[in-house]
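Student: I would like the atomic coordinates for the input below:
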Amino acid sequence: MTPSLQNRLQNQVWDITPSYLDTFLDSAREASNLASIVGVQGDNSKSDIMSQVGSVAIIEANGVTGKRVDWLEKLMGMVDYDDITDAIAIAEGDDSVESIVLSFDSPGGSHTGTQEAADVIRNSSKPIYAFTDGMMASAAYYLGSQAKAVYASPTALVGSIGSILVRQDNSSYLENLGVKITAFAKGKHKADGRSFKAMSKEESETLDSFVGKAYDDFKSTVLRSRAPSNEVFDSKIYHANDAVGVGLIDGVVNSRSELISFLV
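Tutor: So this is what the prediction gives:
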């Protein structure tokens with residue numbers, strides 16, 4: 001696993017469907033090991049995520065989202081917030097483009113970078129329509145909610161508004177093994193969050209405040225563009241028709257092509 005991804009998983013707040021985070025962690029380890037075995041190498045060139053149909057630019061945001069993701073993360077299917085906002089900028093500067101469809105199939109991703117990307121979507125000089133025929137959850141919905149309108153196919157899943165940060169405490173396990181680890185650190189909080197020691201009440205409160213701030217930002221960003229039912233902020237995920245009823249999306253269409261046909 002690359003240091004970049006290891007840092008995201010251990011130290012960043014995630015706006016992601018919780019069950020997917022565990023699966024993603026296991027997959028990341030396997031992909032990293034396989035890349036090492038077969039000697040796969042890559043670069044951090046930008047993903048080609050934009051296409052065009054008539055006057056409509058289509059930007060694909062598929063997979064786990066993150067800020068400044070590296071080549072292995074992209075190989076695993078992650079999408080970079082910067083690639084999304086750069087594609088929007090290109091579409092805005094193209095006179096042949098009149099509207100943009102931001103197409104999602106994503107369980108969400110890292111909280112870092114979401115607010116900045118959401119602001120770009122909200123402030124776009126051309127109308128942006130969000131769509132999913134798979135999943136638009138957590139960070140993906142964070143972004144999609146800022147579009148002019150949000151649509152989903154009948155079997156799509158939408159929602160999971162919430163934030164999560166996971167910490168592992170191995171202190172009891174190490175104690176049973178007779179292993180004692182000492183950290184020599186300057187600065188009161190320099191060794192905070194290390195898995196070899198039990199988490200103090202102060203550390204727990206600090207991390208909880210990080211997650212709380214991320215969640216509050218998520219909620220307020222959704223509310224500045226939409227007026228959903230209060231229940232959506234309990235991190236539930238909804239099928240498309242139910243998502244209409246609670247105000248997460250504006251309507252159901254059979255496919256992305258059908259949505260584009262309304263726009264061209």
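Student: ok, which stretches of the protein are helices?
Tutor: Ranges of helices within the chain are 3-11, 18-38, 71-75, 81-92, 114-122, 139-144, 171-177, 201-225, 240-245, 256-263, based on DSSP state H.
Student: which residues does the fifth one contact?
Tutor: Residues outside helix 114-122 that contact it (CB atoms under 8 Å, 6 or more residues apart in numbering) are 15, 65, 81, 84-85, 88-89, 102, 128, 139, 142-143, 145-147, 217-218, 221, 224-225. (Glycine included, C-beta is placed from N, CA and C.)
Student: buried subset of the residues you listed as a ChimeraX selection?
Tutor: Buried residues within the contacts of helix 114-122, by 16 or more other CB atoms under 10 Å, are selected in ChimeraX with:
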select :15,65,81,84,85,88,102,128,139,142,143,145,146,147,217,218,221
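Student: ok, Gln146 - contacts?
Tutor: Contacts of Gln146 (CB under 8 Å, 6+ apart): 118-119, 121-122, 128, 221, 225.
Student: how about the longest strand along the chain as CSV, C-alpha atoms only?
Tutor: Criterion DSSP state E: the longest strand present in the chain is strand 128-137. This file holds the C-alpha atoms of strand 128-137, laid out as CSV (Å, rounded to 0.1, in the frame of the first residue of the first chain):
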residue,chain,number,x,y,z
ILE,A,128,-24.3,21.1,-13.8
TYR,A,129,-26.7,18.2,-13.4
ALA,A,130,-25.7,15.3,-11.1
PHE,A,131,-26.7,11.7,-12.1
THR,A,132,-26.1,8.2,-10.9
ASP,A,133,-27.2,4.8,-12.2
GLY,A,134,-25.2,3.1,-9.5
MET,A,135,-24.4,4.8,-6.2
MET,A,136,-24.1,8.5,-5.2
ALA,A,137,-23.2,8.2,-1.5
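Student: listing partners with orientation, what would you give for it?
Tutor: strand 99-106 (parallel), strand 149-152 (parallel), strand 157-159 (parallel) (DSSP bridges).
Student: adding distance to Phe196 and mean pLDDT, write those out as CSV.
Tutor: As requested, the strands paired with strand 128-137 are exported to CSV (distance: least, CB to CB, whole Å; pLDDT from 0 to 100):
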stretch, distance to Phe196, mean pLDDT
strand 99-106, 34, 98
strand 149-152, 44, 98
strand 157-159, 37, 98
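Student: JSON lines for these, including distance to Leu75?
Tutor: JSON lines is the format used below for these (distance: least, CB to CB, whole Å):
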{"stretch": "strand 99-106", "distance to Leu75": "17"}
{"stretch": "strand 149-152", "distance to Leu75": "28"}
{"stretch": "strand 157-159", "distance to Leu75": "25"}
